[in-house]
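A.B. asks: could you work out the structure for the sequence below:
(one chain, ligands or ions: 1)
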Amino acid sequence: MSGMENEDNSHLPFETSQFYSERKNTMSIIIRLENENDYQEVENLTREAFWDLYHPGCSEHLIVHNIRKGSSFIPELDFVALLDDKIVGNIIYSKSTVVDKDNHEHVVITFGPLSVLPSFQKQGIGSALIAHTKKIAQTMGYKAIIIFGNPTYYHRFGFENAESFEISTAEGVNFEAFMALELHKGGLQGITGRFYADPVFDVNQEELESFEKKFPYKEKHVTDTQFK
Ligand SMILES: CC(C)(COP(=O)(O)OP(=O)(O)OC[C@H]1O[C@@H](n2cnc3c(N)ncnc32)[C@H](O)[C@@H]1OP(=O)(O)O)[C@@H](O)C(=O)NCCC(=O)NCCS
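C.D. replies: So this is what the prediction gives:
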């Protein structure tokens with residue numbers, strides 16, 4: 001057990017508290033930084049986690065691939081969760097901005113894609129990845145995390161509708177799925193305006209089609225979980 005209690009070692013692998021799997025066996029996960037040797041496995045797991053979830057197929061594995069190559073990537077917050085040496089989860093962060101009415105840019109951070117392999121979901125792995133990286137982001141001095149996601153899931157971590165902080169989307173709108181979390185009390189004080197995620201989240205369909213060819217074929221389906 002190391003890392004959690006010592007901020008200077010927070011980049012090192014650590015073992016989370018043990019929890020029970022659906023198989024009722026006691027398991028413990030290791031969370032460590034992602035490295036280049038993990039890239040393919042992480043992209044595969046991202047594809048598995050998001051496949052057919054919001055659209056037929058998915059683009060999140062390409063987003064992960066491109067975030068790592070861009071200037072907004074925060075390698076110190078790019079973590080994988082391992083269970084018996086198998087990567088079962090990943091969280092990746094990028095820098096984003098809130099632009100105020102005077103056109104001043106304020107840096108905040110955004111995580112996502114956040115992925116856990118389907119057969120390992122609902123066992124605390126996603127929560128462990130968020131909790132671990134939140135602490136490191138705090139020690140790095142970032143002010144806030146701003147994300148789009150399912151409020152039912154993210155409220156438990158303290159995320160609130162970004163409207164409470166007078167921050168809107170780039171289009172100037174607010175909704176429950178657009179959320180912010182201060183990393184320090186008052187972290188978003190004086191930071192209001194429109195939020196801009198890194199353009200890497202705007203996927204180019206041709207690039208996706210060509211990227212998809214590097215993965216084993218998977219059939220796309222229309223499902224109930226998809227945006228209508
Ligand atoms: C979302 C995700 C990362 C959560 O990780 P996880 O390890 O499965 O979640 P945890 O075990 O930490 O938390 C489980 C809880 O979250 C809930 N939960 C999980 N995914 C959820 C989702 N998409 N929406 C709402 N609630 C969700 C579970 O119902 C469970 O709730 P409970 O504690 O009340 O029973 C994972 O399910 C996943 O990879 N999903 C597919 C990709 C995705 O949707 N990523 C996030 C995009 S916003």
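A.B. asks: where in this structure is pLDDT low?
C.D. replies: Within the chain, the segments meeting pLDDT under 70 span 1-27.
A.B. asks: again, 80 this time
C.D. replies: 1-27, 228 (pLDDT under 80).
A.B. asks: what's the separation between the residue in it positioned nearest to the ligand and Phe157?
C.D. replies: Closest contact between the chain and the ligand, by C-beta to the nearest ligand atom, is at Gly126 (2.2 Å). Heads up, the C-betas are built off the backbone N, CA and C, glycines and all. For Gly126, the distance to Phe157 equals 10 Å [C-beta to C-beta, to the nearest Å].
A.B. asks: for Ser168, what are its contacts?
C.D. replies: 162, 174, 178, 193-195 (C-beta atoms under 8 Å, 6 or more residues apart in numbering).
A.B. asks: kindly tell me how buried the closest residue to Leu62 other than its chain neighbours is, as a neighbour count.
C.D. replies: In this structure, Leu62 finds its nearest non-sequential neighbour in Phe211, 4.8 Å apart by C-beta to C-beta, 6 or more residues apart in numbering. The local packing of Phe211 (other C-beta atoms under 10 Å) involves 17 other residues.
A.B. asks: and Phe211, what are its phi and psi?
C.D. replies: phi -60, psi -40 (degrees, to the nearest 10).
A.B. asks: same question, Ser72
C.D. replies: phi -90, psi -10.
A.B. asks: the lengthiest helix in the chain: what's the following helix or strand?
C.D. replies: Taking DSSP state H as the criterion, the chain has its longest helix at helix 125-139. Once helix 125-139 ends, the next helix or strand along the chain (criterion: DSSP states H and E) is strand 144-148.
A.B. asks: what is the orientation angle of that next one with helix 125-139?
C.D. replies: Strand 144-148 and helix 125-139 are oriented at 140 degrees to each other (axes from the mean of the first three to the mean of the last three C-alpha atoms, to 10 degrees).
A.B. asks: show me the helices in the chain, by range?
C.D. replies: Using DSSP H, helices in the chain cover 39-50, 60-69, 125-139, 151-154, 205-212.
A.B. asks: mind listing what the closest residue to Ile130 other than its chain neighbours touches?
C.D. replies: The shortest distance from Ile130 to any non-neighbouring residue, by C-beta to C-beta, 6+ apart, is to Phe157 (5.6 Å). Each residue near Phe157 by C-beta under 8 Å, 6+ apart is listed here: 127, 130-131, 134, 181.
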